[in-house]
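Novice: Predicted coordinates and the sequence they were generated for:
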Amino acid sequence: MLNTFPSMSPADCPAASTPAFVHDPRLMRGSNHTGMRQFNERIVLQAVRHHGAMAKADLARLTQLSTQTVSIIVNRLAGEGLLVKQDRVRGKIGQPSVPMALNPNGAFSLGLQVGRRSLEVLVSDFLGQPRHRLQFTYPYPDPDRVLANIQQGLAQIQALMGDAWAHTVGIGLTAPLSLHKWADLLGGDAAPALARWEGIDLLAAVQALTDLPVEFAKDTTAACMAEMLQGHGRTVANFLYVFVGTFVGGGLVLAGHIVAGARGNAGAIGSMPMSLSAAQDGRDHVASKPAQLLQLASGWQLEQALEQAGFAPELVHQEAIMDAQYAALTGPWLAQASRALAMTLTSAAALVELDAVVIDGTLGRSLIDALTQATRREVERYNLEGLHAPAVLVGEVGAHARALGGSLLPLHRQFFPVKEIFLKQDLV
């Protein structure tokens, strides 16, 4: 399936229903010291990205760079096709100003999302907006099939983009960290195929298929990044991100930064236990261990219920899932999943002070809305004394968040300030 997305602007996204988070102005500040060319270029791009089209004088004031430095940087970025001139602004005191904006066609990047049920290939422009999308579906991620689909998808996207392919700067690859695990939940012939992932370096395998640089992020971390940059993260500084797909997973944003963890697995809420362990006379059997969140709040459970009732499991991703004829199946799932999520986010709020919990996923949008509302109600059943109760919000990015987040990785790393290049002491 091939979809071409219409162009979108931040104004098209619904406003966040949370107190505004003002981005730290220090993150927009450049340096007039020598040896800071790349950093200053990124600071200028970041300023335009966050504040929209700006004249050189306004950029100089915002970044605290000299007017001459800003002029040199803006001219250089315009020459590289990354910034474009807007219409002159007249009617103010002094000479008419010429705002500079990001050029949507200045650069492109790809997101490759390897999921347990599908592969998604997504192209983002320089504004981080989706342009094109391919999707391949399968009952389970057999390595040979997945890699063949990736090769096919890259060839199709390159042909689709034409001359714009020359401006593609990289690929963000996303996938679960443990594709070989939980094969028993997928059933059928999944176990032998999934076991083969344990001996495959997915990043190296994809890099062998392309000349573009490839970087990897856990799929739910990538989805969390998309929400941070394109969704609620523009107004919320600290949030736990919950993504409900075939399995449920998560990510964590603190002080406006993704917290990945030393092994890239921070925010792995899918593995959170849902009850206390029981003593088994010194024996430790898997069957006696408490269920994890992914066994209670994943789309997989509803898929199985639909299939056993004679319905298509794909209904979980469609708006029709909320029709009355499926209520006998969606109702119990919503009750179970919302209780499990409420326990998870309450526990998380006790460990890390959160402004919000954002729930999103590949499920039908109305089902995500219903899950969010049910989770809010379940949270109220907990004793929250001594805790700050985070707002429970519906994600703004939606079903393609993982692929979109993957596509943002090369753009963000190459063109916008990241923590590793903050050279000024007061920015650390």
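Specialist: Great, that's in hand. If you're wondering where the values come from, they're calculated on a predicted model, not measured in any experiment.

Novice: domains for this structure, by residue range?
Specialist: 21-105+420-427, 108-222+403-414, 232-396 (automatic domain parsing).

Novice: any chance of those in CSV, with mean neighbour count and mean pLDDT too?
Specialist: For the C-beta atoms, the positions are set from N, CA and C on the backbone; glycine is no exception. Shown next, in CSV, are these (neighbours: other CB atoms under 10 Å; pLDDT from 0 to 100):
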stretch, mean neighbour count, mean pLDDT
domain 21-105+420-427, 16, 77
domain 108-222+403-414, 19, 92
domain 232-396, 18, 93
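
Novice: where's the residue nearest the centre of the chain relative to Arg377, distance?
Specialist: Geometric centre of the chain, nearest residue: Ala223, 1.9 Å, by CA atoms, centre = their mean. Separation of Ala223 from Arg377 (CB to CB, to the nearest Å) stands at 25 Å.

Novice: Gln129 now?
Specialist: Distance from Gln129 to Arg377, by CB to CB: 35 Å.

Novice: Kindly report the same for Leu387.
Specialist: In terms of CB to CB, Leu387 sits 17 Å off from Arg377.

Novice: Hmm, Tyr241 and Leu345 touching each other?
Specialist: No: the criterion here is CB atoms under 8 Å, and Leu345 misses it with Tyr241 at 10.7 Å.

Novice: Are there residues contacting both of these two? Which ones?
Specialist: Shared contacts of Leu345 and Tyr241, defined by CB atoms under 8 Å, 6 or more residues apart in numbering, are found at Val357.

Novice: Looks to me like Leu384 is in a helix.
Specialist: No: counting by DSSP: H, G, I helix; E, B strand; the rest coil, Leu384 is not part of a helix but coil.

Novice: hmm, back to that, excluding chain neighbours, what is closest to the residue nearest to the centre of the chain?
Specialist: Nearest residue to Ala223, sequence neighbours excluded (CB to CB, 6 or more residues apart in numbering): Ala401, at 3.8 Å.

Novice: count of neighbours near that neighbour?
Specialist: 31 (other CB atoms under 10 Å).

Novice: What about it? Give its phi and psi, please.
Specialist: When read as degrees, to the nearest 10, the backbone of Ala401 gives phi -60, psi -40.

Novice: How much space separates it from Glu303?
Specialist: Counting by CB to CB - Ala401 and Glu303 are separated by 20 Å.

Novice: got a list of contacts for stretch 261-277?
Specialist: Contacts for stretch 261-277 (CB under 8 Å, 6+ apart): 177, 217-218, 220-221, 224, 240-242, 247-252, 259-260, 288-296, 298, 340, 343-344, 347-348.

Novice: So which of those residues sit within helices?
Specialist: Using DSSP state H, the subset of the contacts of stretch 261-277 located in helices is Thr220, Thr221, Cys224, Ala340, Met343, Thr344, Ser347, Ala348.

Novice: Please identify which pair of the residues you listed lies farthest apart.
Specialist: The most widely separated members of the ones in helices among the contacts of stretch 261-277, counting by CB to CB, are Thr221 and Met343 (22.3 Å).

Novice: hmm, back to that, residues contacting the residue nearest to the centre of the chain?
Specialist: Thr174, Tyr241, Phe243, Gly251, Asp360, Val397, Ala401, Arg402, Leu404, Gly405.

Novice: how about Gln193, what does it touch?
Specialist: For residue 193 the amino acid is Ala, not Gln. With CB under 8 Å, 6+ apart, Ala193 has these contacts: Tyr140, Pro141, Asp142, Pro143.

Novice: For the last one, list the residues it contacts.
Specialist: The one in question is Pro143. Ala193, Arg196, Trp197, Ile200.

Novice: Tell me if Ser109 really is in a strand.
Specialist: Yes: according to three-state DSSP, Ser109 belongs to a strand.

Novice: secondary structure element for the nearest residue to Ser338 once chain neighbours are set aside?
Specialist: Spatial nearest neighbour of Ser338, excluding adjacent residues (CB to CB, 6+ apart): Ala374 at 3.6 Å. Using DSSP states H and E, Ala374 falls within helix 365-379.

Novice: Stretch 201-209: how far from the chain's middle?
Specialist: 21 Å (CA atoms, centre = their mean, to the nearest Å).

Novice: repeat for stretch 261-271
Specialist: 15 Å.

Novice: For that stretch, measure first residue to last.
Specialist: End-to-end distance for stretch 261-271: 15 Å, by CA to CA, to the nearest Å.

Novice: So what touches the helix holding Ala374?
Specialist: 244, 316, 319, 321-322, 330, 334-335, 337-339, 341-342, 345-346, 357, 359-361, 363, 389, 392-395, 398.

Novice: Likewise for stretch 330-344?
Specialist: Contacts of stretch 330-344 (CB under 8 Å, 6+ apart): 242, 244, 269, 272, 274, 293, 296-298, 301-302, 305, 321-322, 359, 367, 370-371, 374-375, 377-379, 381-382.

Novice: What ranges does the stretch 301-428 of the chain have for its strands?
Specialist: 356-361, 391-394 (DSSP state E, counting those that start in this stretch).

Novice: Those into TSV, with extra columns for distance to Gly264?
Specialist: Shown next, in TSV, are those (distance: least, CB to CB, whole Å):
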stretch	distance to Gly264
strand 356-361	20
strand 391-394	25
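
Novice: Indicate which one of the ones you listed is closest to Ser109.
Specialist: Between the strands of the stretch 301-428 of the chain, strand 356-361 lies closest to Ser109; by CB to CB that is 21.2 Å.
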